[in-house]
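**Student:** What follows is a predicted structure for the sequence shown.
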Amino acid sequence: MQILSREQIQAWDQYTIYNEPIRSVDLMERAATCCFDWIRAQHWRGHSFKIFCGKGNNGGDGLAIARMLLQAGFSTIIYILENGRPGSPDFQENLQRLHEITTDIHFIQSENIVISITETDIIIDALFGSGLNKPLSGIAALLVEHINSAHAIVVSIDVPSGLFLDKSSKGHPIIVADHTLTFQVYKLCLLVQENAPYIGRIHILDIQLHPGFLKDNIFHKELTEPALIRSIFKPRNEFSHKGNFGHALLITGSYGKIGAAVLATRACMRSGAGLTTVFVPRCGYSILQSVAPEAMVMTDENDEHLSSLPGDLDKYAAIGIGPGIGTEEATQKMVSFIARRYTMPLVIDADALNILSLHKELLTHIPADSILTPHPKEFDRLFGDHTNDFDRLSTATAKAAELKCIIVLKGHHTIIATPGRQIFFNNTGNAGMAKGGSGDVLTGILTALRAQGYESEKAAILGVYIHGLAGDLAASKLSMESMLASDIIEAISLAFPQIY
Ligand SMILES: NC(=O)C1=CN([C@@H]2O[C@H](COP(=O)(O)OP(=O)(O)OC[C@H]3O[C@@H](n4cnc5c(N)ncnc54)[C@H](O)[C@@H]3O)[C@@H](O)[C@H]2O)[C@@H](O)CC1
Ligand SMILES: Nc1ncnc2c1ncn2[C@@H]1O[C@H](COP(=O)(O)OP(=O)(O)O)[C@@H](O)[C@H]1O
Ligand SMILES: [K+]
């Protein structure tokens, strides 16, 4: 699913109006009908609705929904946030239609907001949508505060009012929604971590905007969906042998963090690598030999941390480096050497990223098409502090192009930024994965996919998806609270068949 900017969405509305063709007010009716159908399907009888409308088209949606609720017999009270100016034409048309069935419409025009909201009310927030042009202030801000301080269920139409679609809204007044009914496609503001407190559950309503618009335009942001994953996935040939699936090398672990090596190794083997070798300090030898008998283990001369190279690197189809390696000086030298001398793409995670942060000059040396997998803290260590997720996204886009690398910025919707400035938002995974070790599993999966010959960009999109899907399967069996990173590894075997 493409993710469109505010301008692109407005253009898509216009394209639909012109090419379907359909009158703008009829398109609004279609959007409102989708919302009404969704609301009715919640079986909220016994509750009463309080609908808050601005005077733009978002408010127009609200008025149309109010009319439908009244006609269906729901107790509904309508409030319009008055701004002294006429509403948009479609708002005005819907106001007129509403007047034909009720005159009980309340205008909010003073800072003294005395509307009582009880726990049995359902609030429909149709104040502002994609037309928001500045942070809310004055009566609008007070109204948002009033709604947020009540304990009613809040359903936002298109986006929670006060959220900008494509830029940070941090620190501004924003409706805290329980449900967001958004039209046709995801909006960027509904995918970034910083807006998590506001968006509630997202429901994408298909208002049948004209599909021709997507064919006629190029977009740079998309949500990874099963169809894309299937197009990337390469089924195993019946006649294949282990040599067809590559030899993966994982450079991992230090004293007390051999677990990271175990997780990455087991995830790598479970993700289809032909052969897996793990390079660890000597303290990891017997652990790995016992918990991962299918893997080959090579040890550093040092007992506790890595300090040398695991022999000839060129014999491996893919190398993953970083989980649990620590930042000892000798380990830093080893990472620095590999970053400078190795020419094939690497999968770089965790402490290997922290070492790059300590020696930023190395960033320009890392092999083209390497996959870097920072979480936001590691990302900021690498590329400087960011005050919001939108800026972080811009930096990821720019740095992926500049370094010719794939940047996997991990989070609820992990972001994959490519050298061609394409951004993919992953849509699998859950909060049960917010536990130590989940990232090590991802490194193993990505290294395995690279070893099997997937190009880095495809390996990143597919690997992040499989990782999240395995996390979802583990959570459904064991609960988000109880699942462990090891359970994600076990569930990889169930995740692959879902994408065949
Ligand atoms: N035909 C269409 O274009 C469709 C539009 N739809 C709805 O239309 C919405 C967009 O409508 P609009 O473009 O009219 O925009 P909005 O209704 O989101 O808001 C624009 C209005 O609010 C004012 N405004 C913006 N920021 C403000 C602020 N901070 N303080 C006070 N006033 C502010 C503007 O001056 C304008 O009057 C979408 O979010 C969606 O809900 C849907 O009905 C689908 C069809
Ligand atoms: N709430 C969440 N929703 C989806 N995925 C999550 C969530 N929390 C964590 N994850 C995933 O789990 C992994 C955690 O990685 P990381 O922070 O490096 O952990 P660690 O270093 O402890 O292994 C990432 O791939 C991330 O996307
Ligand atoms: K809204």
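**Tutor:** Done, it's in. Numbers count the residues shown, from 1 in each chain. Ligands and ions are numbered 1, 2, ... in the order given.

**Student:** okay, CA-based contacts and neighbour counts for the rest of this
**Tutor:** OK.

**Student:** which parts of the stretch 151-300 of the chain sit against ligand 2?
**Tutor:** For the stretch 151-300 of the chain, no residue is in contact with ligand 2 (Cα under 6 Å from any ligand atom).

**Student:** mind listing the strands in the stretch 151-300 of the chain by residue range?
**Tutor:** 153-157, 179-183, 201-205, 221-223, 247-251, 275-280, 296-299 (DSSP state E, counting those that start in this stretch).

**Student:** Out of the ones you listed, which is the most enclosed?
**Tutor:** Of those, the one with the most neighbours on average (mean count of other Cα atoms under 10 Å) is strand 247-251, at a mean of 28.

**Student:** what comes into contact with it?
**Tutor:** The contact list for strand 247-251 (Cα atoms under 8 Å, 6 or more residues apart in numbering) reads 261, 264-265, 268, 273-280, 315-323, 325, 444, 447-448, 451.

**Student:** Of these, which are in range of ligand 3?
**Tutor:** When Cα under 5 Å from the ion is taken as the criterion, no member of these contacts ligand 3.

**Student:** Can you tell me the element Lys477 falls in?
**Tutor:** Element membership for Lys477 (DSSP states H and E) is helix 456-478.

**Student:** Can you name the next helix or strand after that helix?
**Tutor:** Under the assignment DSSP H and E, the closest C-terminal helix or strand after helix 456-478 is helix 485-495.

**Student:** Need the CA coordinates for that next one. CSV is fine.
**Tutor:** C-alpha atoms of helix 485-495 as CSV (Å, rounded to 0.1, in the frame of the first residue of the first chain):
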residue,chain,number,x,y,z
ALA,A,485,13.3,-13.9,21.4
SER,A,486,13.9,-17.7,21.2
ASP,A,487,10.2,-18.2,20.5
ILE,A,488,10.4,-15.8,17.5
ILE,A,489,13.1,-18.2,16.2
GLU,A,490,10.8,-21.2,16.7
ALA,A,491,8.0,-19.4,14.9
ILE,A,492,10.1,-18.6,11.8
SER,A,493,9.2,-22.1,10.6
LEU,A,494,5.5,-21.2,10.7
ALA,A,495,6.1,-17.7,9.2
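
**Student:** So is it next to ligand 2?
**Tutor:** No: looking at helix 485-495 against ligand 2 by Cα under 6 Å from any ligand atom, there are no contacts, and the closest approach is 7.9 Å.

**Student:** what about Tyr342, distance to ligand 3?
**Tutor:** Distance from Tyr342 to ligand 3, counting by Cα to the ion, to the nearest Å: 51 Å.

**Student:** how many other residues sit next to that residue?
**Tutor:** Other residues lying near Tyr342 total 15 when counted by other Cα atoms under 10 Å.

**Student:** Tell me who's in contact with it.
**Tutor:** Neighbouring residues of Tyr342 by Cα under 8 Å, 6+ apart: Leu313, Ile366, Pro367.

**Student:** If we use 6 Å, what do you get?
**Tutor:** Under the criterion of Cα atoms under 6 Å, 6 or more residues apart in numbering, Tyr342 has no contact partners.

**Student:** coming back round to it: output the strands of the stretch 151-300 of the chain in JSON lines; the columns should cover distance to Lys215 and mean pLDDT.
**Tutor:** Shown next, in JSON lines, are the strands of the stretch 151-300 of the chain (distance: least, Cα to Cα, whole Å; pLDDT from 0 to 100):
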{"stretch": "strand 153-157", "distance to Lys215": "27", "mean pLDDT": "98"}
{"stretch": "strand 179-183", "distance to Lys215": "19", "mean pLDDT": "98"}
{"stretch": "strand 201-205", "distance to Lys215": "20", "mean pLDDT": "97"}
{"stretch": "strand 221-223", "distance to Lys215": "14", "mean pLDDT": "96"}
{"stretch": "strand 247-251", "distance to Lys215": "39", "mean pLDDT": "97"}
{"stretch": "strand 275-280", "distance to Lys215": "42", "mean pLDDT": "98"}
{"stretch": "strand 296-299", "distance to Lys215": "49", "mean pLDDT": "98"}
